[in-house]
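Asker: pasting a predicted model and its sequence here:
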Amino acid sequence: MSPVPVGMSVSDVDRRDALLAEARSRQASVAFLQMGDPSLSLELTRLADSGVSSITLVGVNLGPLAPAHSWLRRIAAHWWRERAGERPVVTVATRLVTSLSSVDDVLLDLKPITGSEPGLTSAARKDVTGHARQVLICRGPRCTAAGSEDTMRALILAMMEAGLGDDDVLVTHTGCQFPCNRAPVVSVQPDDVWYGAVDPAAAAMIVHDHLVAGSPVESHRLPR
Ligand code: FES
């Protein structure tokens, strides 16, 4: 069976049309690890129910940030263990592709799911983080079209440079936050500070002035 490209991050959900075109050129389907439809688990179930005996998954990371490749195996293994009835053979490419033109390259190195892979839980993911603030980056349709991916990338890089981690600031992608005319929108909670037209330069300012120094960036602040 043709390989199923699996979008790893919200950025790959944004690139859904490209993934679909690639899959269609191979008479295959697509799936998403998160925030996209169909989810990997749903697509595996659909394929298995249709009688497919073997499925190959290729993780796709076309954007700036993606979860570790191991999560593709973990999610596939979780499905495989939970699957009632006939289970197809599931193999996973051992590398993510960062360009759809390299799908064939990673198909040279596949590893089967055996069911012995780690589960969905891990000790490091047990507790709520100690974050003082949560930054909500809008990834709704208008903010995405207005460049929220670049906003997200600049924000994450600035946070890394400033030494801010999940115990300081929890970054969360959201759907539409409503003031679409001000896209790309970012809000900071519990400060109840909302920002509009957050380009990469503004994102860096939000990190340095607001998240580090505690002073909201007035030039991009939306009225409340
Ligand atoms: S799409 Fe971002 S506020 Fe509506």
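Answerer: That came in fine, so what should we check first? Quantities reported herein were computed from a predicted structural model and do not represent experimental measurements.

Asker: tell me which residue of this protein lies closest to the ligand.
Answerer: Residue nearest to the ligand within the chain: Gly140 (2.6 Å; CB to the nearest ligand atom). Yep, even glycine has a C-beta here, placed from its N, CA and C like the rest.

Asker: can you report how many residues neighbour that residue?
Answerer: Gly140: 19 surrounding residues under other CB atoms under 10 Å.

Asker: could you look up the SS state of the nearest residue in space to it that is not next to it in sequence?
Answerer: For Gly140, ignoring the flanking residues on the chain, the nearest one in space by CB to CB, 6 or more residues apart in numbering is Cys176 at 3.3 Å. Reduced to three states with DSSP: H, G, I helix; E, B strand; the rest coil, the structure at Cys176 is coil.

Asker: does Cys176 really touch Arg142, like I thought?
Answerer: Yes. With contacts counted by CB atoms under 8 Å, Cys176 reaches Arg142, the gap being 7.2 Å.

Asker: interface residues of this structure facing the ligand?
Answerer: Cys138, Gly140, Pro141, Arg142, Cys143, Cys176, Gln177, Phe178, Pro179, Cys180, Ala183, Val185 (CB under 6 Å from any ligand atom).

Asker: pick the one among the residues you listed closest to Arg16.
Answerer: Among those, Pro141 lies closest to Arg16 (CB to CB), at 11.7 Å.

Asker: and that closest one, its phi and psi?
Answerer: Recorded main-chain torsions at Pro141 are phi -60, psi -40, according to degrees, to the nearest 10.

Asker: check what pLDDT it gets.
Answerer: Model confidence at Pro141, given as pLDDT, is 92.

Asker: quick one, what contacts it?
Answerer: The contact partners of Pro141, by CB atoms under 8 Å, 6 or more residues apart in numbering, come to Cys176.

Asker: on that earlier part again, next up, phi/psi of the residue nearest to Gly140, please.
Answerer: phi -60, psi 130.

Asker: just Cys138 next, same as before
Answerer: Main-chain torsions, Cys138, degrees, to the nearest 10: phi -70, psi 120.

Asker: where does this protein dip in pLDDT?
Answerer: Where the chain drops to pLDDT under 70, the residues are 1.

Asker: tally of neighbours for Val6?
Answerer: Val6 - counted by other CB under 10 Å - has 27 other residues nearby.

Asker: I meant to write Ala123 there.
Answerer: Burial measure for Ala123: 6 neighbouring residues, criterion other CB under 10 Å.

Asker: quick one: it from Trp79, how far?
Answerer: If you measure Ala123 against Trp79 using CB to CB, to the nearest Å, the figure is 22 Å.

Asker: now the helices for the chain?
Answerer: Secondary structure of the chain (DSSP state H): helices located at 10-14, 16-25, 40-49, 70-82, 103-106, 141-145, 148-162, 200-205.

Asker: got the end-to-end distance for stretch 104-122?
Answerer: The first residue of stretch 104-122 is 32 Å away from its last residue (CA to CA, to the nearest Å).

Asker: list of residues touching it?
Answerer: 3, 56, 58, 70, 73-78, 80-81, 89-97.

Asker: ok so, going back, could I get the helices of the chain as TSV with distance to Pro64?
Answerer: Written out in TSV, the entries for the helices of the chain read as follows (distance: least, CB to CB, whole Å):
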stretch	distance to Pro64
helix 10-14	7
helix 16-25	16
helix 40-49	21
helix 70-82	17
helix 103-106	20
helix 141-145	14
helix 148-162	4
helix 200-205	11
